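S.K.: sharing a model that was predicted from the sequence below.
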Amino acid sequence: MTGEGAAGLPAAVVVASNRAAAGVYADTTGPLLVEFLTGLGFVVEAPAVVPDGEPVGQAIAAAVAAGARAVLTTGGTGLTPTDRTPEATRPLLDREVPGLAEAIRAHGLAKGVPTAALSRGLAGVAGHCLVVNLPGSRGGVKDGLEVLGPVLVHAVEQVVGSDH
């Protein structure tokens with residue numbers, strides 16, 4: 001994509017991190033996602049940085065209600081007790097897009113990152129919005145964006161029934 005594909009469609013970024021939300025450290029993954037979406041032509045505001053768990057679902061739901069056509073999340077997809085992003089995301093989805101989440105995990109594995117298999121991230125459709133959970137590490141986000149780059153705009157167009 002060259003940056004004109006999304007033609008000004010709204011998008012949002014949600015960062016799931018207890019420590020970043022508490023100001024313990026600055027999040028570095030959300031800005032990567034904003035830059036990526038902007039580069040595809042989406043209109044994106046600053047990331048919503050929220051604690052793990054239900055605040056993630058609330059932030060996704062708010063972005064969908066505000067008209068976002070794509071919501072990318074980062075963080076909360078692992079195995080720790082506070083990693084609850086998939087659980088907060090799943091009830092919001094009308095249907096899942098498992099191939100996208102599987103492709104993100106497979107890409108990380110193919111790059112020699114064995115922990116990519118531990119990501120429980122989901123992808124799916126909520127109303128007219130594509131929601132994709134990405135890992136919380138910068139490397140995991142970058143790997144996920146390598147998968148999303150060639151397909152995100154097309155997927156977002158398909159959600160509303162655009163022609164192939």
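M.R.: Okay, I see it.
S.K.: which parts of this structure are helices?
M.R.: 18-21, 29-39, 54-65, 85-89, 98-110, 138-148, 152-159 (DSSP state H).
S.K.: how far off helix 138-148 does the fifth one point, in degrees?
M.R.: Calculated by axes from the mean of the first three to the mean of the last three C-alpha atoms, to 10 degrees, helix 98-110 forms an angle of 130 degrees with helix 138-148.
S.K.: how about the last one?
M.R.: Between the direction of helix 152-159 and that of helix 138-148, the angle (the same axes, to 10 degrees) works out to 60 degrees.
S.K.: residues of helix 152-159 that come out buried?
M.R.: 152, 153, 155, 156, 157, 159 (16 or more other C-beta atoms under 10 Å). (Glycine included, C-beta is placed from N, CA and C.)
S.K.: who's in contact with the third one?
M.R.: Just to be clear, that refers to residue 155. Counting by C-beta atoms under 8 Å, 6 or more residues apart in numbering, residue 155 touches 97, 100, 130.
S.K.: ok so, going back, make a markdown table out of the buried residues of helix 152-159 and add distance to residue 62 and pLDDT.
M.R.: Shown next, in a markdown table, are those (distance: C-beta to C-beta, whole Å; pLDDT from 0 to 100):
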| residue | distance to residue 62 | pLDDT |
| --- | --- | --- |
| 152 | 21 | 98 |
| 153 | 23 | 97 |
| 155 | 21 | 97 |
| 156 | 18 | 97 |
| 157 | 23 | 96 |
| 159 | 18 | 96 |
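S.K.: just to revisit the earlier point, tell me which of the helices of the chain is the most buried.
M.R.: Mean neighbours per residue, mean count of other C-beta atoms under 10 Å, is largest over these for helix 85-89, with a mean of 23.
S.K.: so where's this protein uncertain?
M.R.: 1-4, 163-164 (pLDDT under 70).
S.K.: show me the residue at the heart of it, geometrically.
M.R.: residue 72 (2.2 Å; C-alpha atoms, centre = their mean).
S.K.: so that residue touches residue 129, yeah?
M.R.: No: in this structure residue 72 lies outside contact range of residue 129 using C-beta atoms under 8 Å: 10.8 Å.
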